[in-house]
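Enquirer: Okay, here's the prediction I keep looking at, along with the sequence it came from:
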Amino acid sequence: MKDAWSSDEVRKAEEPLIAAGEPLMARAAYALAQAVLREVAAGPAAGRAPDRRAGRPAAVRLGGSLGSDGLPGTARIRRARTAGTRGEVRGARALLLVGPGNNGGDTLFAGAHLVRRGMSVTAVLASTRAHEEGLAAFRSAGGKVVTLADIRVPSVVQSALASDVVLDGLVGVGARGALRPPAGGLVRTLAEAREKAGERWPRTIAVDIPSGIGVDDGAVPGPVLPADRTVTFGALKPGLILPPAAHLAGEVELVDVGFPTVAGTTGWSGAVWGVAPGRHAMSGTDPASGRVRRMEPADVAELWPVPSPHDHKYTRGVVGVIAGTSTYPGAAVLATSGAVLAGPGMVRYLGPEAVGTRVLLARPEVVVAGGRVQAWVLGPGVPGVGPEDGPDDDGQARRIFGALAAVTGVLSEDVTGGKMPAVIDAGALTMLEHRLPAWAVLTPHAGELAELLQGLGHDVDRAAVEAQPLHWVRTAHQATGATVLLKGAITVVAGPGDVYAQADAPTWTGTAGSGDVLAGILGTLLAGRSADVVQDETLAARLAAAAVLVHGRAAARASAGGPLAALEIARAVPAVVADLLGA
Ligand SMILES: NC(=O)C1=CN([C@@H]2O[C@H](COP(=O)(O)OP(=O)(O)OC[C@H]3O[C@@H](n4cnc5c(N)ncnc54)[C@H](OP(=O)(O)O)[C@@H]3O)[C@@H](O)[C@H]2O)[C@@H](O)CC1
Ligand SMILES: [K+]
């Protein structure tokens, strides 16, 4: 599990360390300087964001734990020095954008290291204040200092274009809201210049976070200079893994500066969770902490319902799928395929006969008949219900209303049973009449979430959801009671427990039918863990994040760097699950 700590949590973690005299800033600055040296040594030929070129999401990687000498990631850095000196560091130029706080302090101390390694380094102070010791260290190392007030923004653009690397040290976790002037204007102009310059723009490294992103919510309230790499200290921050801000961070490198990671060692209530290798990560957080998590393969392997020798098809979980109409039969094939290939005991399909026949042609394992199920998949390929009569739905809405009654516990004469988990997708999202339990998982994309929220009285459109996904996913969870999974290049899941932000899929995954397959995979997970899901109301979100990870990895396998068709995602699921379980 990768955990991103809110700015409050970071503060609480650093306070006792600073009080104990731990040299956090020295560690941060040293690691930052090493990252810059590696970047410069690799040279421009290293290219930009290779992960994104291949359609893959940018990586978050760990920068290594403290070495025996107390410096971060020393062994790895030594390797990089001896192995990766394709370019020349001596004489290379760095431009530092320096704000008034400790983020600027990190940047100035790192600048001093760079000067001592023979680089020509200029610091632009964007504020009338600057970190005093950092500034003194930078000056005494021989760095050049200018103030924004003196040289003005166009000169900064020229300096940037003449540099090999730009460090964005304007603000870090102490910032609130959009960047204010003059830093805001500077960053806006630099971001425009970067856009225009394309490959001529120097490598940009963000210090702790790209300045101007919402540290805790991943929003982008104003101008931000997109980074090729973010070197972040102590812990990931939510804005580095949440959309849309995460797309501005480039590759994220986490540097261990010595944060405690074992329960009880920091004196704040609740446990502390680690992210650095060798410091074990545990599960579960206090939802009020603002922490956001990213599930990894080992976490999914722990959750996956693997059959025991005593299991049979009914104990392993039966998924009931109500999807597709004669106009949209494909969704039924895709959702049932996703469900079957994720490994349930059985999949039942309910729908018009003609669609059932097509489902059977694609997946003869499916039982096209009613009966007991342990989880529902409701709505893929079914039109929504609105004030006017919609297109003919072949009775699917009626079937979905019946299943929803079982999920919400509002039972009718012909629907009986206990608590029932469900995936509620597409058209079924328009059929919600009652407050839902957490084991109902809504799976909208941004447009569908906006419509759902409008129906609940919120003034929001698709663009607003895309601008603040975390906020709106949380709002939808609170308003409906359900666990909410917002599909996107980075998928956000919120329920009664932790929030998850998953970036597992190549960009090719946004294709028709891909969401139907996801609904099927999640249906199988909910059916396989049906009894647990209705006991532990935080489990649905974890299973939803797990389904997103498996779906994303299956898409990556199906894509192999190129386009993909949704059914191929389903076909890749068994091999992905085998890999996860065997790892
Ligand atoms: N965690 C760790 O392990 C370590 C953390 N460390 C580092 O400390 C950083 C946090 O430092 P920090 O607390 O000094 O705050 P920081 O982010 O520099 O900015 C505060 C200044 O910005 C200003 N400002 C605020 N909002 C603004 C806006 N919208 N637009 C413009 N300006 C705005 C605000 O001004 P004011 O509101 O006071 O006028 C204030 O002066 C952290 O990110 C990391 O880099 C390392 O050194 C050690 C290891
Ligand atoms: K920054």
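Expert: Sure thing, it's come through. Numbers count the residues shown, from 1 in each chain. Ligands and ions are numbered 1, 2, ... in the order given.

Enquirer: Just the closest residue of the stretch 251-400 of the chain to ligand 2, please.
Expert: Ranked by C-beta to the ion, the top residue of the stretch 251-400 of the chain for proximity to ligand 2 is Val252, at 12.7 Å. For glycine as for every other residue, the C-beta is placed from the backbone atoms N, C-alpha and C.

Enquirer: Ile424 is in contact with Pro380, isn't it?
Expert: No. Using C-beta atoms under 8 Å, Ile424 makes no contact with Pro380, being 10.2 Å away.

Enquirer: From the chain's centroid, how far away is stretch 303-314?
Expert: 30 Å (C-alpha atoms, centre = their mean, to the nearest Å).

Enquirer: hey, where'd the helices end up in the stretch 151-300 of the chain?
Expert: Ranges of helices in the stretch 151-300 of the chain, per DSSP state H, counting those that start in this stretch, are 183-197, 238-241, 297-303.

Enquirer: and the longest one, average pLDDT?
Expert: Helix 183-197 comes out with an average pLDDT of 98.

Enquirer: Repeat that for stretch 340-360.
Expert: Mean per-residue pLDDT for stretch 340-360: 97.

Enquirer: And it, what's buried?
Expert: By neighbour count on 16 or more other C-beta atoms under 10 Å, the buried set for stretch 340-360 is 340-352, 355-356, 358-360.

Enquirer: pretty sure Val347 is touching Val368, no?
Expert: No. Applying C-beta under 8 Å, one finds Val347 not in contact with Val368, separated by 9.7 Å.

Enquirer: The stretch 451-583 of the chain: helices as residue ranges?
Expert: Along the stretch 451-583 of the chain, the segments classed as helices by DSSP H, counting those that start in this stretch run 462-467, 469-480, 514-528, 530-533, 539-559, 566-582.

Enquirer: deepest of those helices, which one?
Expert: Burial of the helices of the stretch 451-583 of the chain is given as mean neighbour count (mean count of other C-beta atoms under 10 Å); helix 514-528 ranks first at a mean of 31.

Enquirer: Check the offset of that one from the chain's centre.
Expert: Helix 514-528 has its C-alpha centroid displaced from the chain centroid by 20 Å (C-alpha atoms, centre = their mean).

Enquirer: For ligand 2, give me its nearest residue in the stretch 301-450 of the chain.
Expert: Residue of the stretch 301-450 of the chain nearest ligand 2, by C-beta to the ion: Ala446 (27.7 Å).

Enquirer: which residues touch that residue?
Expert: Neighbour list for Ala446: 462, 465-466, 469, 486, 488 [criterion: C-beta atoms under 8 Å, 6 or more residues apart in numbering].

Enquirer: rewinding a little: who wins for proximity to Ala450 among the helices of the stretch 151-300 of the chain?
Expert: Taking C-beta to C-beta, helix 238-241 is the member of the helices of the stretch 151-300 of the chain nearest to Ala450, at 22.0 Å.

Enquirer: Could you look up the next helix or strand downstream of the lowest-mean-pLDDT helix or strand in the chain?
Expert: None of the helices or strands of the chain scores lower by mean pLDDT, DSSP states H and E than helix 74-83, at a mean of 34. On the C-terminal side of helix 74-83, the nearest following helix or strand under DSSP states H and E is strand 93-98.

Enquirer: With adjacent residues omitted, what lies nearest to the residue of the stretch 251-400 of the chain found nearest ligand 1?
Expert: Residue nearest to ligand 1 within the stretch 251-400 of the chain: Val257 (4.6 Å; C-beta to the nearest ligand atom). Take Val257 and drop its neighbours on the chain: the residue closest to it by C-beta to C-beta, 6 or more residues apart in numbering is Arg27, 4.4 Å away.

Enquirer: if we can go back for a sec, turn the helices of the stretch 151-300 of the chain into a markdown table, columns for mean neighbour count and distance to ligand 2.
Expert: As requested, those are exported to a markdown table (neighbours: other C-beta atoms under 10 Å; distance: least, C-beta to the ion, whole Å):
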| stretch | mean neighbour count | distance to ligand 2 |
| --- | --- | --- |
| helix 183-197 | 18 | 10 |
| helix 238-241 | 29 | 11 |
| helix 297-303 | 18 | 30 |
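
Enquirer: Pro223: which of those is closest?
Expert: Nearest to Pro223 among the helices of the stretch 151-300 of the chain is helix 183-197 (3.8 Å), distances taken as C-beta to C-beta.

Enquirer: Any regions of the stretch 251-400 of the chain where pLDDT drops low?
Expert: Low-confidence segments of the stretch 251-400 of the chain, defined by pLDDT under 70: 261-285, 287, 387-391.

Enquirer: For the stretch 51-200 of the chain, which residues are neighbours of ligand 1?
Expert: Applying C-beta under 6 Å from any ligand atom, one finds that the stretch 51-200 of the chain approaches ligand 1 through 99-106, 171-180, 183.

Enquirer: ok, of those residues, which come out buried?
Expert: 99-106, 171-173, 175, 178-179, 183.

Enquirer: what's the closest of these to Pro305?
Expert: The shortest approach to Pro305 among these belongs to Val173, at 38.9 Å (C-beta to C-beta).

Enquirer: list the contacts for the spatially closest residue to the closest one that is not a sequence neighbour?
Expert: What sits nearest to Val173 in space, not counting adjacent residues and going by C-beta to C-beta, 6+ apart, is Ser7, at 4.2 Å. Applying C-beta under 8 Å, 6+ apart to Ser7 gives the contacts 173-174, 215-216, 237.

Enquirer: Quick check: the residue nearest to the spatial centre of the chain vs Asp217, distance?
Expert: What sits nearest the mean C-alpha location of the chain, by C-alpha atoms, centre = their mean, is Ala501, with 3.1 Å. Distance, Ala501 to Asp217, using C-beta to C-beta, to the nearest Å: 11 Å.
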